[in-house]
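>>> Give me coordinates for this.
(one chain, ligands or ions: 2)
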Amino acid sequence: MRLSSRVAKINPSETLAISAKTNALRAQGRDVIGFAAGEPDFDTPVNIKNAAIKAIEAGFTKYTPVGGTDELKDAIIAKLKRDNDLEYKRSQIVVSCGAKHTLYNLAQVLFDPGDEVIIPAPYWVSYPDIVVLAEGRPVIINTNEKDGFKMTPEQLRTAITDRTRAVIINSPSNPTGAAYSPQELQAIAKVLIDKDILIISDDIYEKIFYAKFPFMNMATCEPKLKDRIIVVNGVSKTYAMTGWRIGYAAGPEEIVAAINKIQSQNTSNPTSISQKAAVEAISGEQGVVDKMVSEFQKRRDFIVDALNQIPGVKCFSPEGAFYVFPNVSGIYGRSYKGKKITSSPELIDYLLDEANVAAVPGAAFGSDSHIRLSYATSLKNIEEGIKRIKDAISKLVS
Ligand code: PMP
Ligand code: GLU
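Ligands and ions are numbered 1, 2, ... in the order given. Coordinates of the predicted model:
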């Protein structure tokens, strides 16, 4: 079968592939502890579910405007004012089927062949492929633990060319959990202020935040840049709503209108029922978010400490999200039954085969020295999973 050259240029999402593999192994009866899935293990809060049930019962089950209902746009506008001190009009908001879809649409309306998009690594798996699908060129800036996994203003300055169209900032980050402080964002803003470059601010982990400084995005931090910033957010992570598929963008009217145009030719509106649920999530009682976050923080403290006790493993303490990204390069070169482990995919295979633990190779996020573990699973699973990892690593010989 001849498929398009477009599809040959990208990889399937590795995070989703490993989550699917974990589920398939479990269905076969294997007792696998899953650290792969990037989704909260909590149930969607009941007030949100009830809003969806009410929507169904009221017959709110038909097409809505392509870019979302006015009710949901107004809830998003109120949220952006309340949480981020940002003002937008309805014509500056577009709702899509998850933030991934928002990012995909954005790339489709912004990039032409050869346009360069700066992506700090480690990056979320889907960014480079979303850019490639739009025929843009990902320009990767490598960061490491020493810089707190954050791009420095110098690195950004050096990466900019006259083809640079946009830079993606994801704070807190998937996979590292690193978050930019307001001062760090200011320093980055200084590099961008006199350049014709768009800034895509992926704020999806905004609420899953443990740092001492307050969460801020670039638009709040540097209002002079607001006309060039597209804020991307959604309900998946904050409200344990990954399956409901609601994400949104807030930004310049022209870009939002272009996304509406593209979306009118691919998905049409996001699900009507999910939109009603998202209104309740964003505008309703927020206490439930704090409860989830304090549970995540307890798990983070435990898992970082436990990983750092494994010889050969060094784990950076994340400031947000629900991932750890330990450096495991200290283990590379060791063998099991004569087979050497020299890369993150090999270590991940070994952990799955020998320890019944699923995680994602760092290579999928642009850093082969690391692996990613999601701690969106119970403390009991985390304790058992880390014990299995420790035992498996101790079986390796140098
Ligand atoms: N951005 C980042 C950094 C993510 O980790 C995710 C989670 N998959 C998304 C965007 C997309 O989330 P969703 O499509 O579920 O809204
Ligand atoms: N963002 C999550 C992850 O990184 C969910 C899977 C995906 O959409 O990539 O695991």
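>>> Show me which residues of this protein sit near ligand 1.
For the chain, the contact set with ligand 1 under Cβ under 6 Å from any ligand atom comprises 38, 98-100, 124, 170, 174, 202, 204, 234, 236, 242, 247. For the C-beta atoms, the positions are set from N, CA and C on the backbone; glycine is no exception.
>>> Pull out the buried residues from those.
The neighbour-count test (16 or more other Cβ atoms under 10 Å) marks 38, 98-100, 124, 170, 174, 202, 204, 234, 236, 242, 247 as buried among the residues of the chain next to ligand 1.
>>> if I pick the closest residue to Asp31 other than its chain neighbours, what's in contact with it?
Leaving aside its chain neighbours, Asp31 sits nearest to Asn356 (5.7 Å; criterion: Cβ to Cβ, 6 or more residues apart in numbering). Contact analysis of Asn356 by Cβ atoms under 8 Å, 6 or more residues apart in numbering lists Arg30, Asp31, Val32, Ile33, Arg388.
>>> out of these, which is most surrounded?
Using other Cβ atoms under 10 Å as the neighbour test, these are led by Ile33, with 25 neighbours.
>>> next one: phi and psi at that one?
Phi and psi for Ile33, reported as degrees, to the nearest 10, are phi -90, psi 120.
>>> do Ile199 as well
Torsion angles, degrees, to the nearest 10, at Ile199: phi -120, psi 120.
>>> Over to Phe365?
Taking degrees, to the nearest 10 as the convention, Phe365 sits at phi -110, psi 10.
>>> Per-residue pLDDT of it, please?
In this model, Phe365 is scored at 98, pLDDT.
>>> What about it, how many residues nearby?
Under the criterion other Cβ under 10 Å, the count of neighbours that Phe365 has is 27.
>>> so who does the residue of the stretch 51-200 of the chain found nearest ligand 1 touch?
Closest residue of the stretch 51-200 of the chain to ligand 1, Cβ to the nearest ligand atom: Gly98 (2.8 Å). Residues in contact with Gly98 (Cβ under 8 Å, 6+ apart) are Gly234, Ser236, Arg245, Ile246, Gly247.
>>> center of this structure, which residue is that?
By Cα atoms, centre = their mean, the chain has its centre lying nearest to Asn174, at 4.6 Å.
>>> show me what contacts Ile33?
Applying Cβ under 8 Å, 6+ apart, the residues near Ile33 are Asn356, Val357, Ala358, Thr377, Asn381, Glu384, Gly385, Arg388.
>>> So what pairs up with it in the strands?
Val357 (DSSP bridges).
>>> measure it to Tyr336 for me?
Ile33 is 19 Å from Tyr336, where distance means Cβ to Cβ, to the nearest Å.
>>> what's the nearest residue to Asn50 if we skip its chain neighbours?
In space, Asn50 is closest to Glu280, 7.7 Å off (Cβ to Cβ, 6+ apart).
>>> The one you found should be in a helix, yeah?
Yes: counting by DSSP: H, G, I helix; E, B strand; the rest coil, Glu280 is found in a helix.
>>> which residues touch it?
Asn47, Ile48, Asn50, Ala51.
>>> Can you turn the buried part of the residues you listed into a ChimeraX selection?
ChimeraX command restricting those to the buried ones, with burial defined by 16+ other Cβ under 10 Å:
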select :48,51
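>>> confidence score at Ala392?
For Ala392, pLDDT reads 97.
>>> In a helix, it, correct?
Yes: assessed with three-state DSSP, Ala392 lies in a helix.
>>> Can you report how many residues neighbour Ile229?
Other residues lying near Ile229 total 24 when counted by other Cβ under 10 Å.
>>> What are the boundaries of the strands in the stretch 101-250 of the chain?
Secondary structure of the stretch 101-250 of the chain (DSSP state E, counting those that start in this stretch): strands located at 116-121, 137-142, 164-170, 198-202, 229-234, 247-250.
>>> Just send the ones you listed back as CSV, with distance to Asp129 and mean pLDDT too.
Converted to CSV, the strands of the stretch 101-250 of the chain look like this (distance: least, Cβ to Cβ, whole Å; pLDDT from 0 to 100):
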stretch, distance to Asp129, mean pLDDT
strand 116-121, 11, 98
strand 137-142, 9, 98
strand 164-170, 13, 98
strand 198-202, 15, 98
strand 229-234, 16, 98
strand 247-250, 17, 98
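>>> Quick one: the ones you listed as JSON lines, columns for distance to Ala187 too.
Listed next are those as JSON lines, based on distance: least, Cβ to Cβ, whole Å:
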{"stretch": "strand 116-121", "distance to Ala187": "14"}
{"stretch": "strand 137-142", "distance to Ala187": "14"}
{"stretch": "strand 164-170", "distance to Ala187": "12"}
{"stretch": "strand 198-202", "distance to Ala187": "14"}
{"stretch": "strand 229-234", "distance to Ala187": "16"}
{"stretch": "strand 247-250", "distance to Ala187": "24"}
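>>> hang on, the earlier thing: and the contacts of Gly98, which is closest to Asp74?
Ile246 (14.7 Å; Cβ to Cβ).
>>> Looks like the closest one contacts Pro270 (just checking).
Yes: between Ile246 and Pro270 there is a contact under Cβ atoms under 8 Å: 5.7 Å.
>>> Least confident secondary structure element in this protein?
helix 14-27 (a mean of 90; mean pLDDT, DSSP states H and E).
>>> which secondary structure elements does it contact?
strand 33-34, helix 344-355, strand 357-358, strand 360-361 (3 or more Cβ pairs under 8 Å, 6 or more residues apart in numbering; DSSP states H and E).
>>> Thank you kindly, that will do.
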